[in-house]
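1. Test case, fold it:
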Amino acid sequence: MQLRLAAIASLSCALLSACTEGSIAEPDNVREGQRVYAKECAACHGASGEGAGPASLGLDVIPPDLTGLKQRNDGYFPREFVRRFVMGRLEKDDPTSPMPDFSSVGLRHVYPDGGADGEVLETDFANLLDYLEAIQE
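-> I've put the predicted structure just below:
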């Protein structure tokens, strides 16, 4: 009987953990994502992601605070939305927005010599998303 209860408890824990909002990113992935962020995003969104980077002074719009994405989405980090927005897969409210379409421009600061033909490497982008999720307040 105890073995049966233990098995049911273990199965319940496994099922509940599968229902959580996201996975816990590996520290190395988050560090790599921070490196990509520093090279590709910090100029506009600021070193800490709060939207006050030095390049934002010359823009007509204030880049959003990326540390509050989870807070602005009812406690859920909108990973797929961020992925689609940054990769230019969503129509922007303002077509003249200074936010680059990284599917077109690639990671030009991470790979200044055009590594990977200027493409956004999936692992680099996944690491960037892990970093953005890690800095949520």
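
2. C-alpha from now on. contacts and neighbour counts both.
-> OK.

3. The residue nearest the centre of the chain sits in which helix or strand?
-> Against the mean C-alpha coordinate of the chain, by C-alpha atoms, centre = their mean, the closest residue is residue 129 at 2.4 Å. Taking DSSP states H and E as the definition, one finds residue 129 inside helix 122-134.

4. What pLDDT is listed against the residue nearest to the centre of the chain?
-> The score at residue 129 is 97. That number is its pLDDT.

5. circling back: mind listing what's buried in the helix holding residue 129?
-> The neighbour-count check on helix 122-134 (16 or more other C-alpha atoms under 10 Å) flags 124-134 as buried.

6. mind saving the C-alpha coords of stretch 82-92 as CSV?
-> Once non-C-alpha atoms are left out, stretch 82-92 reads as follows in CSV (Å, rounded to 0.1, in the frame of the first residue of the first chain):
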residue,chain,number,x,y,z
VAL,A,82,9.1,37.9,-27.4
ARG,A,83,10.6,35.4,-29.9
ARG,A,84,8.1,36.3,-32.6
PHE,A,85,8.4,40.1,-32.0
VAL,A,86,12.2,40.2,-32.0
MET,A,87,12.3,37.9,-35.1
GLY,A,88,9.9,40.2,-37.0
ARG,A,89,7.1,37.6,-37.0
LEU,A,90,4.5,40.0,-35.6
GLU,A,91,3.2,43.2,-37.2
LYS,A,92,4.5,46.2,-35.3
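
7. coming back round to it: might you calculate how far the helix holding residue 129 sits from the centre of the chain?
-> Distance, stretch centre to chain centre, for helix 122-134: 5 Å (C-alpha atoms, centre = their mean, to the nearest Å).

8. CA atoms only: put it into PDB for me.
-> Extracted as PDB, the C-alpha positions of helix 122-134 are listed here (Å, rounded to 0.1, in the frame of the first residue of the first chain):
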ATOM      1  CA  GLU A 122      18.800  29.400 -32.700                       C
ATOM      2  CA  THR A 123      21.000  28.500 -29.700                       C
ATOM      3  CA  ASP A 124      22.100  32.200 -29.300                       C
ATOM      4  CA  PHE A 125      18.500  33.300 -29.500                       C
ATOM      5  CA  ALA A 126      17.300  30.700 -27.000                       C
ATOM      6  CA  ASN A 127      20.000  31.800 -24.600                       C
ATOM      7  CA  LEU A 128      18.900  35.400 -25.100                       C
ATOM      8  CA  LEU A 129      15.400  34.500 -24.200                       C
ATOM      9  CA  ASP A 130      16.700  32.600 -21.100                       C
ATOM     10  CA  TYR A 131      18.500  35.700 -20.000                       C
ATOM     11  CA  LEU A 132      15.500  37.900 -20.500                       C
ATOM     12  CA  GLU A 133      13.400  35.500 -18.500                       C
ATOM     13  CA  ALA A 134      16.100  35.500 -15.700                       C
END
